[in-house]
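Colleague: predicted structure and sequence below. I'll ask about it afterward.
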Amino acid sequence: MDTETQTRVTDWLAKADLRPTRQRLALASLLVGDGQDRHVTAESLHAASQSSEDAVSLATVYNTLRAFCDAGLVQEVTVDGSKSYFDTRTDDHPHFYWEDEMRLTDAPADQLEILRLPEAPEGTEVSKVDVVIRLRRR
């Protein structure tokens, strides 16, 4: 790992007060090492780790992604109620889900208009609105 990547990865973990273990460093490098945002599944991140010099078990990938979510470093986007993607971009923004490719990408937030939400039931408040726009080829 070059110095720039090392700095980016350790700073990313440090902002969430996460200890930089070997596994966290390896997975963080794959997620944010090049400074680009990503949408990954646990399985795709595991496959990428197997192709690197720091291979990590699938169980460790799941546990580490959960720790990253809990720390606010990634957000989980669930599609179909069972398929989870982990997004390194944590601000509120919509997504496209490409059904034919089973792929998640960012959608342009400036083109989305939500004029009104239903009132939350008494004693609750809306914490977040997730927008996943499903696409398929004609």
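Modeller: Arrived safely, thanks for sending.
Colleague: for the rest of this, base every contact and every neighbour count on C-alpha atoms.
Modeller: Will do.
Colleague: got the buried residues for stretch 20-32?
Modeller: Judged by neighbour count (16 or more other CA atoms under 10 Å), stretch 20-32 contains these buried residues: 20, 23-32.
Colleague: do stretch 56-65 as well
Modeller: 56, 58, 61-62, 64-65.
Colleague: now that stretch: mean pLDDT?
Modeller: Averaging pLDDT along stretch 56-65 yields 97.
Colleague: I'd say Gly33 and Gln6 touch.
Modeller: Yes - at 7.5 Å, Gly33 and Gln6 qualify as touching, with contact defined as CA atoms under 8 Å.
Colleague: show me what the helix or strand Glu4 falls within is packed up against.
Modeller: Counting by DSSP states H and E, the element that carries Glu4 is helix 3-14. The contact analysis (3 or more CA pairs under 8 Å, 6 or more residues apart in numbering; DSSP states H and E) places helix 3-14 against helix 22-32.
Colleague: identify the residues contacting the helix it packs on?
Modeller: 5-6, 8-10, 13, 37-38, 45, 48-49, 54-56, 60-61, 64, 88 (CA atoms under 8 Å, 6 or more residues apart in numbering).
Colleague: the next helix or strand after it pairs with which strands?
Modeller: For helix 22-32, the following helix or strand on the C-terminal side (DSSP H and E) is strand 39-40. Within its sheet, and counting by DSSP bridges, strand 39-40 is paired with strand 83-87 (antiparallel).
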